[in-house]
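> let me see the structure of the following:
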Amino acid sequence: MDSPPQFSVVVPVYNRPQEVQELLESLVQQTHSDFELIIVEDGSTEPCREIANRFADQLEIRYFAKENSGPGDSRNFGMAKAYGQYVVLFDSDCIIPANYFEQVAEHLKHTPLDAYGGPDDEHPSFSNIQKAINYAMTSFITTGGIRGREKQLDKFQPRSFNMGIRKSVIDEIGGFSDIHPGEDPDLSYRIMAAGKRVGLIPNAKVFHKRRIDFRKFGNQVYKFGVVRIILGKWHPGTLKLVYFLPSLFLLGSILLLILAMVFSPLFLIPLGLIAMLVFIESLRKSRHFVIALTAVAAAFIQLYFYGFGFLKSFFKITLMGGEEREVLPTFFFRSN
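Numbers count the residues shown, from 1 in each chain. This next block holds a predicted model:
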């Protein structure tokens, strides 16, 4: 390497070689190529070294294999190896539009940032259920617009599937903690608390694959709900109203169901109206009846499972005063 690149891309990988191939295929197409790629194999039993080697003559790739210690620690490992001015984090299940780094470089030239994030979207190759889940994860109705939108109900927090951080900021503040999920908003909060410039680059979009079935999706958003209480404890003042809404929706749904069984089915009308609203908005965006219908199920799964995880964590930590690593040990990676 003659001179340090502008960007160092760090990708942690765990048993996803096919996804890595799709990611690398998209990186080869970049119109701005001043970046290196650091792949960190996190104890995989299905390594992607062979796939990485296929792209060695097209991309500046460095491949590292290590024992499993979780995505946060693997990102820290990769960031420590980075030479670039900015460290850019992608998940292995992302596909990167060809103009991504061109858009980021242009934005940073006019609006310098210490850390940035970008939105995620669906790719034409995604399955109907992935597109429906993508709607649930990005719609204002289900999230309050907190993921990659300029108008939102809480301060924008870059997420590790599409996040860039100035290398000097990482050296000053440190990397990801041992919590998972939740390691990326935790780092974002620490960067903001240090007075650094953090912002959204709307055109720095990635195509982010979603969980391929509702069981996995429900488990994912349940964990998001659990860790939100932990993050609120670690970073006082960050637990905004928007994070309580899924729990209120869950409790309200239970109440309406009880009232419907005791008095009249008419009490279910509010839930029907919400389902109709989700269906209409998703149909407008996707122009696909099956996706819109599936999006209704995805939206309710997201709200109910997130709400349940939030309530469980609220009870154990906030009400009962439990220490998070003791009452919720599976949400923290143990050091070897």
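> count of residues packed around the nearest residue to residue 61 once chain neighbours are set aside?
Nearest residue to residue 61 in three dimensions, chain neighbours excluded: residue 37, at 4.8 Å (CB to CB, 6 or more residues apart in numbering). Placement of C-beta: from N, CA and C, glycine included. Burial measure for residue 37: 23 neighbouring residues, criterion other CB atoms under 10 Å.
> now do the same contact list for residue 37.
Residue 37 sits next to 9, 11, 24, 27, 59-62 when contact means CB atoms under 8 Å, 6 or more residues apart in numbering.
> can you pull out the strands in the stretch 51-200 of the chain?
According to DSSP state E, counting those that start in this stretch, the stretch 51-200 of the chain carries its strands in the segments 61-66, 86-90, 94-95, 115-117, 120-121, 162-166, 198-200.
> adjacent strands (with direction) for the last one?
Strand 198-200 pairs in its sheet with strand 115-117 (parallel), by DSSP bridges.
> remind me which helix or strand residue 309 belongs to.
Using DSSP states H and E, residue 309 maps to helix 289-313.
> so where's this structure shaky on pLDDT?
Confidence mapping of the chain against pLDDT under 70 gives the ranges 1-2, 144-154, 211, 334-336.
> next up, phi/psi of the nearest residue to residue 76 once chain neighbours are set aside, please.
In space, and not counting its chain neighbours, residue 76 is closest to residue 175: 3.8 Å by CB to CB, 6+ apart. Backbone dihedrals for residue 175, given as degrees, to the nearest 10, come out at phi -100, psi -140.
> for residue 175, what are its contacts?
Neighbouring residues of residue 175 by CB under 8 Å, 6+ apart: 72, 75-76, 79-80, 187.
> got the buried residues for the host helix or strand of residue 256?
Assigned by DSSP H and E, residue 256 belongs to helix 245-262. The neighbour-count check on helix 245-262 (16 or more other CB atoms under 10 Å) flags 245-247, 249-250, 253, 256 as buried.
> identify the residues contacting the following helix or strand past that helix?
If you walk from helix 245-262 toward the C-terminus, the next helix or strand you reach (DSSP H and E) is helix 269-286. Outside helix 269-286, the residues that touch it by CB under 8 Å, 6+ apart are 131-132, 135, 139, 141-142, 252-253, 256, 289, 291-293, 295-296, 299-300.
> switch to 7 Å and redo it
With CB atoms under 7 Å, 6 or more residues apart in numbering as the test, helix 269-286 has contacts from 131, 135, 139, 141, 253, 256, 289, 291-293, 295-296, 299.
> need those residues in a markdown table with distance to residue 278, can you?
Output for those, formatted as a markdown table (distance: CB to CB, whole Å):
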| residue | distance to residue 278 |
| --- | --- |
| 131 | 14 |
| 135 | 8 |
| 139 | 7 |
| 141 | 6 |
| 253 | 14 |
| 256 | 16 |
| 289 | 14 |
| 291 | 12 |
| 292 | 8 |
| 293 | 10 |
| 295 | 6 |
| 296 | 5 |
| 299 | 5 |
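> residue 116 contacts residue 162, doesn't it?
No. Here residue 116 does not reach residue 162: they are 9.0 Å apart, not a contact under CB atoms under 7 Å.
> which one's more surrounded, the two?
More crowded of residue 116 and residue 162, by other CB under 10 Å: residue 162, with 27 against 24.
> could you check how far the helix holding residue 256 is from the centre of its chain?
Chain-centre distance of helix 245-262: 28 Å, with CA atoms, centre = their mean, to the nearest Å.
> now do it and helix 269-286, the angle between them.
Between helix 245-262 and helix 269-286, the angle comes out at 130 degrees (axes from the mean of the first three to the mean of the last three CA atoms, to 10 degrees).
> what sits up against helix 245-262?
If you take CB under 7 Å, 6+ apart as the criterion, helix 245-262 is touched by 144, 225, 267-268, 270-271, 303-304, 306-308, 310-311.
> try it again with 8 Å
Counting by CB under 8 Å, 6+ apart, 144, 225, 266-268, 270-271, 302-304, 306-308, 310-311, 314 sit against helix 245-262.
> what do you get for stretch 78-88?
For stretch 78-88, using CB under 8 Å, 6+ apart, the contacting residues are 1, 4-12, 35-36, 38-40, 62, 64, 104, 108, 163-167, 170, 175.
> in helices, which of these fall?
Among the contacts of stretch 78-88, the ones falling in helices (DSSP state H) are 104, 108, 167, 170.
> ok and the helix holding residue 309 relative to helix 269-286, angle-wise?
Counting by the same axes, to 10 degrees, helix 289-313 lies at 130 degrees to helix 269-286.
> report all helices and strands that helix 289-313 contacts.
Judged by 3 or more CB pairs under 8 Å, 6 or more residues apart in numbering; DSSP states H and E, the packing partners of helix 289-313 are helix 128-138, helix 140-143, helix 214-234, helix 245-262, helix 269-286.
> would a markdown table of those helices with distance to residue 331 be doable?
Converted to a markdown table, those look like this (distance: least, CB to CB, whole Å):
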| stretch | distance to residue 331 |
| --- | --- |
| helix 128-138 | 20 |
| helix 140-143 | 21 |
| helix 214-234 | 6 |
| helix 245-262 | 18 |
| helix 269-286 | 29 |
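> next structured bit after the helix holding residue 309?
helix 324-327.
> before we move on, the earlier item: can I get the helix holding residue 256 in PDB, CA atoms only?
Below are the C-alpha coordinates for helix 245-262, written out as PDB (Å, rounded to 0.1, in the frame of the first residue of the first chain):
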ATOM      1  CA  LEU A 245     -44.500   2.800  22.300                       C
ATOM      2  CA  PRO A 246     -44.200  -0.900  21.300                       C
ATOM      3  CA  SER A 247     -44.800  -2.000  25.000                       C
ATOM      4  CA  LEU A 248     -47.800   0.300  25.200                       C
ATOM      5  CA  PHE A 249     -49.100  -1.200  21.900                       C
ATOM      6  CA  LEU A 250     -48.600  -4.700  23.300                       C
ATOM      7  CA  LEU A 251     -50.400  -3.900  26.600                       C
ATOM      8  CA  GLY A 252     -53.200  -2.100  24.700                       C
ATOM      9  CA  SER A 253     -53.600  -5.100  22.400                       C
ATOM     10  CA  ILE A 254     -54.000  -7.400  25.300                       C
ATOM     11  CA  LEU A 255     -56.600  -5.100  26.800                       C
ATOM     12  CA  LEU A 256     -58.500  -4.800  23.600                       C
ATOM     13  CA  LEU A 257     -58.500  -8.600  23.200                       C
ATOM     14  CA  ILE A 258     -59.900  -9.100  26.700                       C
ATOM     15  CA  LEU A 259     -62.600  -6.500  26.100                       C
ATOM     16  CA  ALA A 260     -63.500  -8.100  22.800                       C
ATOM     17  CA  MET A 261     -63.900 -11.500  24.500                       C
ATOM     18  CA  VAL A 262     -65.800 -10.100  27.400                       C
END
